[in-house]
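K.L.:
coords please:
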Amino acid sequence: MRQLRTRHHGGNDDIHSDSTHSSINFNYAKYGKKKKKMLMKKSGVSLYVVFIAGCFVYLAVFTLSGLLGGQSSTFTANSSPRQYYNNQQIIQRPAFFFEGKGLDNHPALRKRYKDMTKTPQTVNLTDLTKIIASKKEYASNHAKYDYKSADYGGIEYHQDFQRKIKNNDSRAAFDPESAASVGVKKTLQSLFESIQNVRGNYPQYNLSDGVMLPIKEKADDASYGELLKYYDDDNVEVFKLANDRKTEEPRACRSAEFEKFYFPTCNDFHEIDLGRPYDDPGEMPQPRPENQLAKVRYLGHGFYRDAWVVEDNPWIWPSQYAKEKENKPKEALGVLDEKGTSDLVTKAYRTMVLKTLRYVHKRTEDSFLEIQLEAIIMERMTKSPRIMDIYGHCGFSVSGELVPIEFEERVIPGDGTADAKEVEERNKDGPRPYNDFTAEEKLSFALEMAESLADLHGFEDGVLVHDDVQLCQWMTTPDGRLKLGDFNRATIMQWDEINGGYCKFNNGQGASQYRAPEEYRAEEVNLDEQIDTFSFCNNIYALVTGLWNFYDLEDAEAQEKVIDGDLPFVDPRWKDRSYEEAKLVELLPKCWAYDPDERISIFDAVKFLRQAVEDKPKHQARG
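P.N.:
Purely as a prediction, here's the structure:
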């Protein structure tokens, strides 16, 4: 192995050897990179000369072999290698390429069988016009096709499928033309008579106005198994027990059509960068772009979901941004975070809220269906000015209108609890509410809450039950209106195909002290929309007093009282404090009826409150 030695020169380490390469190393050290470039340049010229010489030799040999072989060649002195290659390709192409009916002019075939060269390809516009004309002629012939004469054997790929019903098939679907000639009702009647004895079908059916309806007296005798076989339908759920959850009377409950609607807008969600709120400006290599569409920040969370504020940049709203400062509240809002809420109010016109499932919860099918149901209900209720608007839905997330002001914090300052003796001492000279609402505001807010629930219960396509009525579900808009939201526990009631009316449902055991008594007895009874009415009057109690309904009890104790039929204490002196508060207190026992069938409906509550507002001037006139 050669020994290397090192010497120091000019502060650099130069490596030398005792081999013949020492001169190269020395020259490199002497002349630097200039010498190296000269050597490389000489080597490149040599390679180029060798390559040119090789090409001439190849051409000479190729020409000589053609002459000596005595074979005719398309490669002559007047043709190039490229032309020869193109001629060979033409010889090898299939015959139909030229002998077909104008296929050589089709741009798709030109692309498929084009010469294997790099020459640019163009489309002959004249030929393209012919192709378009032929397609229009095909479409015209296709539209004129006589589908009525089609049968299974004559249908081809380009024809629409048309089922033909045989005349002797009495159990098949009837022909609409024959139904028109003999009458729809008569045709349906004969059709159902023909399937009465077919195994697996429920035979006890009659016709009413051309619609299949069960005969009530015979349906009572149908077993659960018979109904289960007859209603082979994913949209119909058959239960063994009646609405009271005790009587063995099967029900066939059909879901509303819109319950299966699904309108995801995932592309809009993918444009939102939730990572931005966690960026540290000091650690970022570059500042955030000023032209980004939106800014995102974390707002807070409930039990199930996180809430994010997605704020459009001002340049998207140039005309409104100029007047944005005018939106800033002039007075305190009465909420815990005055500064943050004031900022939301100011920018509400260019802000939306995004709700995502919290990471502490698993992404299950049930969670997905709950959020999808919320999106469906909000979409259906978009027309209501008392329901929060939805902007989009994707997977486990929903985006919607930002309603910035917390209503619960204004109704119940603090934690809403108190000792009974403390309340008694405070009210020794007459009841004093813990909130700052006027009596007129209380009556107005009560009516708005009732009307929003009535929008759900009175929805024309089916009864919607909120199933989680509490103060925090309402928010206040910048102009002072209440809007209802949060429908992840909501229920779309099903229709009873056998007995008529709506099927009661069961959502499991209720929690907290805020629910109707039947919700705490979920193992014994089923539920309906009346649970919302009961909880609504808990809101009325809080609105009047500024306290929770059982302000001095824990949840478990309060639940036992509700189950036993005990109601929150209502000081009778509220009736003498003001006309509005007297009317609200008068409404409480009507909503708090233990039996849901004796409880007033939310429509009765709206009627009562509207009448109270209408009668206010008369009451004032009487003094």
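K.L.:
what is the end-to-end distance of stretch 497-509?
P.N.:
27 Å (Cα to Cα, to the nearest Å).
K.L.:
so what touches that stretch?
P.N.:
Stretch 497-509 has contacts (Cβ atoms under 8 Å, 6 or more residues apart in numbering) with 214, 216, 219, 222, 227, 231, 236, 239, 243, 245, 249-254, 463, 465, 467, 489, 491, 493-496, 519-520, 522-523, 526-528. Where you see a C-beta, it was placed from the backbone N, CA and C, and this is true even at glycine.
K.L.:
quick check: buried residues in that stretch?
P.N.:
By 16 or more other Cβ atoms under 10 Å, the buried positions in stretch 497-509 come out as 497-499, 502-505, 507.
K.L.:
still on that earlier bit, ok, of the contacts of stretch 497-509, which come out buried?
P.N.:
Buried among the contacts of stretch 497-509 by 16+ other Cβ under 10 Å: 214, 219, 222, 227, 231, 236, 239, 243, 245, 249-254, 463, 465, 467, 489, 491, 493-496, 519-520, 526-528.
K.L.:
assumed residue 614 was part of a helix.
P.N.:
Yes - judged by DSSP: H, G, I helix; E, B strand; the rest coil, residue 614 forms part of a helix.
K.L.:
let me know the pLDDT of residue 103.
P.N.:
You'll see residue 103 listed with a pLDDT of 39.
K.L.:
circling back to that earlier point, out of the contacts of stretch 497-509, which are inside strands?
P.N.:
Among these, DSSP state E puts 214, 236, 239, 251-254, 465, 491, 495-496 in strands.
K.L.:
tell me which two of these sit farthest apart.
P.N.:
Using Cβ to Cβ, the two most remote members of the ones in strands among the contacts of stretch 497-509 are 214 and 465, lying 25.5 Å apart.
K.L.:
show me where pLDDT drops low in the protein?
P.N.:
1-48, 60-221, 275-292, 623 (pLDDT under 70).
K.L.:
can you show me the CA trace of stretch 383-397 as CSV?
P.N.:
Provided in CSV are the C-alpha atoms of stretch 383-397 (Å, rounded to 0.1, in the frame of the first residue of the first chain):
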residue,chain,number,x,y,z
LYS,A,383,-86.6,28.1,6.5
SER,A,384,-87.3,28.8,10.2
PRO,A,385,-85.9,32.1,11.5
ARG,A,386,-85.8,30.6,15.0
ILE,A,387,-83.4,27.7,14.2
MET,A,388,-79.7,28.1,13.6
ASP,A,389,-78.7,27.8,9.9
ILE,A,390,-76.5,25.0,8.7
TYR,A,391,-73.7,25.8,6.2
GLY,A,392,-72.2,22.3,5.7
HIS,A,393,-71.7,18.7,6.9
CYS,A,394,-69.0,16.1,6.5
GLY,A,395,-68.5,13.0,8.5
PHE,A,396,-68.4,13.9,12.2
SER,A,397,-68.5,17.6,11.6
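K.L.:
buried ones in it?
P.N.:
384, 386-394, 396-397.
K.L.:
these in strands, which ones?
P.N.:
Those of the buried residues of stretch 383-397 lying in strands (DSSP E): 390-394, 397.
K.L.:
from those residues, pick the one nearest residue 444.
P.N.:
Distances from residue 444 to those, taken by Cβ to Cβ, are shortest for residue 390, at 25.9 Å.
K.L.:
which ones are touching the closest one?
P.N.:
375, 378-379, 382, 398-401.
K.L.:
what pairs with it across the strands?
P.N.:
As for beta bridges, residue 390 partners with residue 400 under DSSP bridges.
K.L.:
next, count neighbours for residue 621.
P.N.:
7 (other Cβ atoms under 10 Å).
K.L.:
that one: which element?
P.N.:
Element membership for residue 621, per DSSP states H and E: helix 602-622.
K.L.:
which helices and strands does that helix pack with?
P.N.:
In terms of contacts (3 or more Cβ pairs under 8 Å, 6 or more residues apart in numbering; DSSP states H and E), helix 602-622 is packed against helix 439-457, helix 530-545, helix 579-591.
K.L.:
could you dump these to CSV with distance to residue 472 and mean neighbour count?
P.N.:
Shown next, in CSV, are the helices and strands packed on helix 602-622 (distance: least, Cβ to Cβ, whole Å; neighbours: other Cβ atoms under 10 Å):
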stretch, distance to residue 472, mean neighbour count
helix 439-457, 12, 21
helix 530-545, 10, 24
helix 579-591, 19, 19
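K.L.:
for residue 424, find the nearest of those helices.
P.N.:
Taking Cβ to Cβ, helix 530-545 is the member of the helices and strands packed on helix 602-622 nearest to residue 424, at 13.0 Å.
K.L.:
quick check: next helix or strand after that closest one?
P.N.:
Using DSSP H and E, the helix or strand that directly follows helix 530-545 along the chain is helix 555-563.
K.L.:
can you give me the buried ones in that following helix?
P.N.:
For helix 555-563, burial by neighbour count (16+ other Cβ under 10 Å) applies to 558-559, 561-562.
K.L.:
ok, and the closest non-adjacent residue to residue 426?
P.N.:
residue 432 (5.8 Å; Cβ to Cβ, 6 or more residues apart in numbering).
K.L.:
three-state assignment of the one you found?
P.N.:
With three-state DSSP as the basis, residue 432 sits in coil.
K.L.:
pretty sure it is touching residue 423, no?
P.N.:
No - counting by Cβ atoms under 8 Å, residue 432 stays clear of residue 423, with 9.4 Å between them.
K.L.:
of these two, who's got more company?
P.N.:
residue 423 (19 against 12).
K.L.:
angles on the backbone of the more buried one, please.
P.N.:
Backbone torsions for residue 423, taken as degrees, to the nearest 10, come to phi -70, psi -40.
K.L.:
coming back round to it: tabulate the helices and strands packed on helix 602-622 (a markdown table), appending distance to residue 512.
P.N.:
Below are the helices and strands packed on helix 602-622 laid out as a markdown table (distance: least, Cβ to Cβ, whole Å):
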| stretch | distance to residue 512 |
| --- | --- |
| helix 439-457 | 18 |
| helix 530-545 | 10 |
| helix 579-591 | 17 |
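K.L.:
out of those, nearest to residue 599?
P.N.:
helix 530-545 (5.1 Å).
K.L.:
angle of that closest one against helix 439-457?
P.N.:
Here the directions of helix 530-545 and helix 439-457 differ by 170 degrees (axes from the mean of the first three to the mean of the last three Cα atoms, to 10 degrees).
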